[in-house]
Every structure is written in structure tokens, then in C-alpha cells.
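Engineer: let me see the structure of the following:
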Amino acid sequence: MWISATKSLGIFLRLLLISRFAIGSNVTINSYYGATCSSSGHGNMEIIKPECMLLTSRGVVVCDQRDNSRLVEIRVDERTNRGSSTVMVDKPGSLIRGVTIDHAGISYYTNVRDQTVNLIVEGRSWILAGHPMSINLKTIEGKGLYASFRSPHGIVADQDQNLYVTDRLDHRIRKISKSSNFASYFAGSGIQGFQDGAGSTARFSQPHGIILFRSTLYVADSMNHAIRSVSLGSGEVSTVAGNQQKGNLDGPASQSQFDTPTSLVAYKQFIFVSESGGGVRAINIDTSTVFTLHKLRNVELSGIAVLDNKHSREPRVIVSDFLGCTILSMRLVSDCAGELFSSKVVDKCGVCGGKDECVDCAGVPRGKSVKDSCGTCRDDGGDCNARGGRVEGGGGD
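Structural biologist: Coordinates of the predicted model:
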């Protein structure tokens, strides 16, 4: 009884901290999954130091650090608020940092402890590329096990099932070819720094999360506090948002500031960003503007996803709190046109975003009243300056 009460108190205090230190947004934060950092196994809503997340048709895949590391697929019935989980792969001694699924349904993950990229076949894990090595050694390009990495983190697949991996401590983006399984240097010189340009000369500083959106790779360049783009065709690197200064500044993308961005997810025309420092940010790719959904304190955010499938009543952003062992959610509210972060409403004429243009001077939608030459609103077609105060048939005398 005492253990249960202690756990309940811990959960209450955690949620109180989250509510108390949420800054500068009217987006409501709720707990979606997880309750305590205990690994007792007494309940299916426990998750240990969650990191990467990926939405699937069945639920959300999460990197769970219980008993070293594993991938679990969680599902929450929003009608009853009850959750369940299924273990996809359990790898004691590993440290899983990234996960992706290609269009053929094959799952891949990165293992930082072994410096490998793995795939999952029928519940079993196989090394696709890389081998255990010291992070102090120089990486090499190569086929399969002959290649080497230094802290592979984010991972994403393109339409041809080629894989792109952020090699965090090598400050590079690697490409693993589907046809040859060759792990090449795709973008980044391997020298820590900040530089746009050709893939071989560009510089990153501990790149973390990576996504593919509109045929372009987007990278959370964590220690440059910036979001970078990489051309899928040429490897050309550009800066999408962030001025390299650590901070929380919204506005034009080129002037914005981020605080150690870790993970990315794309939804509609937005890229949502989780920051290790507690920020949940959004980049409107169409307008090149940045704004903040929420700023949390006493958390360490890592993974991010947008929950929008048959298991959710409404779309929402979910983020994993590594320190609090919880997944938090934020509703994404759409206007009458289905646009996010817009204030459009249906006017009196039934037009979304309209200006009541069908409303007459008496305030009646599609009414017949008009103002006469004296400014009087009337529905009889008359005018105050006409003989008898009325104009017949539009004539005068």
C-alpha cells in the first residue's frame, strides 16, 4: 500500500511540475503514456527513459531503456485511457537510439553501444551495417559489417529503401544503399562545425534526429542549435532554421533560435521539433517561420511524433520525456478549413474564413435590407429623399 501511495505521489508531483512550468502557450499538455521510472513490471503503462518514437498503423514504437534497451509498440485506448504494449525487439546490452520502418514494412534501428545499424526480421535482430568499435577510432566506409560508425542515432528510409543515418560523434550523415548494403559518407566532412554547401565539405555538430519530408532530408543539428536540410539527390546542405545561438526565439526561420534540438516529425506543412531543453517547436516550411507550441521545465525531451491514426480521436503531438519516463501529448486544433494554428471560423453566411459579406444592413444573412441615401436601413426599397419617402420602381417624380 505504501509503494502504491508513493508512486501516486510521484506521478502527481511530476504532473504538477509540468503544469506549473509550462511557458507561453495555450496548448494543453496531458500525460499520454507512462507513469513512473520504476521497472517493477507492475502494470503495462510503465516505460523506462523513453527516447525515439515512430508512428505506425497500430500504435507508436518507442525506444524503451528497460533492462538496457528494447523497442516496444504502445497503444492507448482513448475511450478508457488504458494502454498496452508489445515488445518488438529486446536487446540486453544494447542502446537503441533511432528507429524507422520502410515502405515495405521492414523495421530498422540504430544501436549506439555496438555502433551498428540493425534490421528486424520476424522478431529477431540482425546487424545490417557496422561493428563494435571505439568512438575514438576513425570511421570507414564499407559494405555491411566492414563499415564503421561513431554513435549512430537517427535513421530514416527513402522510397527505394536506402537508409540515412545521423552518425552523431562523426558529425556526418551516412547512406546505406539498398542495392549493395554499402555504408557511404553522404553529407558532412567529419569535422565538427557549421558550414552549408556541398555534402563533402558541409559541417555538422552532433546531428541527432533525421526525417524525410517532401523529398528532402531534414536533420536536427543538436549542438549547432539548428535544423538543416540535405538534398536527397546531391547531398547539398542548407540551414532551414536557427541562427546557431542557443535560445528560444520565434519568428523568421533564419533569425530563430533553438535549444539543442533532438528529434523531428513532419505533419502537413509543419516540421515539429523536440528540444532537449524542454521546448516543443514548429517550423512552417511554406512560410519559413518558427513558433513555440510549449516550453517545459524539469524535463528532457527526446523523441517526437504526431499521433493521427485510427487509435486517436484527434491529431496530437506526443513527446517523450527521458527524465520523467512519460510520453506527453498536445492537441493539434484545426480551424474550419482544417488548417492548424489558424483562427478561421465560419461566418454568418456559412463561409469558412468569410467576412459576413452576405449579411444585409439589418444583420440578416442574405437579407434584402439596404441603407438609403440618408443612411437608414430599410427593406421596402424606398429612399428618404423620394416624394413620400419612397421611390417607386426606381424612378423619381
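Engineer: distance of R150 relative to Q192?
Structural biologist: Distance check for R150 against Q192: by Cβ to Cβ, to the nearest Å, it reads 11 Å. Where C-beta positions appear, they are placed from N, C-alpha and C, glycine not excepted.
Engineer: between these two, which has more neighbouring residues?
Structural biologist: Neighbours per residue (other Cβ atoms under 10 Å) separate R150 from Q192, with R150 holding more: 21 against 15.
Engineer: show me what contacts V333?
Structural biologist: Contact partners of V333, counting by Cβ atoms under 8 Å, 6 or more residues apart in numbering, are L340.
Engineer: I should have written D259 there, sorry.
Structural biologist: 225, 246-248, 275-279.
Engineer: kindly reformat those as CSV containing distance to M330 and pLDDT.
Structural biologist: Formatted as CSV, the entries for these read as follows, by distance: Cβ to Cβ, whole Å; pLDDT from 0 to 100:
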residue, distance to M330, pLDDT
H225, 22, 97
K246, 23, 95
G247, 21, 94
N248, 17, 93
E275, 14, 96
S276, 18, 92
G277, 17, 88
G278, 13, 92
G279, 12, 93
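Engineer: now do the end-to-end distance for stretch 116-127.
Structural biologist: Here the two ends of stretch 116-127 are set 7 Å apart, with distance taken as Cα to Cα, to the nearest Å.
Engineer: D347 contacts C336, correct?
Structural biologist: No. D347 sits out of contact with C336 when judged by Cβ atoms under 8 Å, with a separation of 9.4 Å.
Engineer: overlap in contacts, the two.
Structural biologist: When contacts are counted by Cβ under 8 Å, 6+ apart, D347 and C336 are jointly contacted by G353.
Engineer: can you give me the neighbour number for R214?
Structural biologist: By the other Cβ under 10 Å criterion, the neighbourhood of R214 contains 11 residues.
Engineer: equivalent analysis for K348, please.
Structural biologist: Close neighbours of K348, defined as other Cβ under 10 Å, add up to 15.
Engineer: what's the spacing between G154 and R75?
Structural biologist: Looking at G154 against R75, where the rule is Cβ to Cβ, the gap reads 24 Å.
Engineer: which residues does I304 contact?
Structural biologist: With contacts taken as Cβ under 8 Å, 6+ apart, I304 has the following neighbours: 53, 209, 262-265, 272-274, 280, 317-320.
Engineer: scratch that, I271
Structural biologist: Contacts for I271 were tallied using Cβ under 8 Å, 6+ apart; they are 211, 213, 218, 227, 240, 264-265, 282-283, 285.
Engineer: name the next helix or strand downstream of the helix or strand containing it, please.
Structural biologist: For I271, the enclosing helix or strand under DSSP states H and E is strand 270-275. Once strand 270-275 ends, the next helix or strand along the chain (criterion: DSSP H and E) is strand 279-284.
Engineer: skip ahead from that following strand and say which helix or strand is next.
Structural biologist: Scanning the chain past strand 279-284 towards its C-terminal end, the next helix or strand to appear is strand 289-295 (assignment: DSSP H and E).
Engineer: looking at the contacts of I304, which one is closest to Y33?
Structural biologist: Within the contacts of I304, distances to Y33 taken as Cβ to Cβ reach their minimum at I318, with 8.1 Å.
Engineer: show me what counts as buried in the one helix or strand that closest one maps to.
Structural biologist: With elements delineated by DSSP H and E, I318 resides in strand 316-321, which encompasses its position. Of the residues in strand 316-321, those buried by neighbour count under the rule 16 or more other Cβ atoms under 10 Å are 316-321.
Engineer: from those, pick the one nearest S107.
Structural biologist: When the buried residues of strand 316-321 are ranked by distance to S107 (Cβ to Cβ), S320 comes first, at 18.1 Å.
Engineer: my read: that closest one touches I327, true?
Structural biologist: Yes. Counting by Cβ under 8 Å, S320 touches I327, with 5.2 Å between them.
Engineer: now G199: how far from V60?
Structural biologist: Counting by Cβ to Cβ, the gap from G199 to V60 is 32 Å.
Engineer: of those two, which one has the most company?
Structural biologist: The neighbour comparison of G199 against V60 (other Cβ under 10 Å) goes to V60, with 26 against 19.
Engineer: check contacts around that one.
Structural biologist: By Cβ under 8 Å, 6+ apart, the contact list for V60 reads 33, 53-54, 73-75, 305, 307, 318, 327.
Engineer: A183: which of these is nearest?
Structural biologist: Proximity of these to A183 was ranked by Cβ to Cβ; the top entry is L54 with 21.4 Å.
Engineer: burial measure for the closest one, as a count.
Structural biologist: Count around L54 with other Cβ under 10 Å applied: 22.
Engineer: do A362 as well
Structural biologist: Residues within reach of A362, counting by other Cβ under 10 Å, total 13.
Engineer: mind showing which ranges of the protein have poor pLDDT?
Structural biologist: Under the criterion pLDDT under 70, the flagged ranges of the chain are 1-27, 35-36, 38-45, 66-68, 77-82, 92, 310-312, 387-397.
Engineer: next, the angle from whichever strand or helix holds R75 to strand 316-321.
Structural biologist: With elements taken from DSSP H and E, the one containing R75 is strand 70-77. Relative orientation of strand 70-77 versus strand 316-321 (axes from the mean of the first three to the mean of the last three Cα atoms, to 10 degrees): 140 degrees.
Engineer: export strand 70-77 to PDB, keeping only CA atoms.
Structural biologist: C-alpha atoms of strand 70-77 as PDB (Å, rounded to 0.1, in the frame of the first residue of the first chain):
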ATOM      1  CA  ARG A  70      14.300  -2.600 -26.300                       C
ATOM      2  CA  LEU A  71      11.700  -1.400 -28.800                       C
ATOM      3  CA  VAL A  72       8.100  -1.600 -27.800                       C
ATOM      4  CA  GLU A  73       4.900  -0.700 -29.700                       C
ATOM      5  CA  ILE A  74       2.400   1.000 -27.400                       C
ATOM      6  CA  ARG A  75      -1.300   1.500 -27.900                       C
ATOM      7  CA  VAL A  76      -3.700   3.600 -25.800                       C
ATOM      8  CA  ASP A  77      -7.500   3.200 -25.900                       C
END
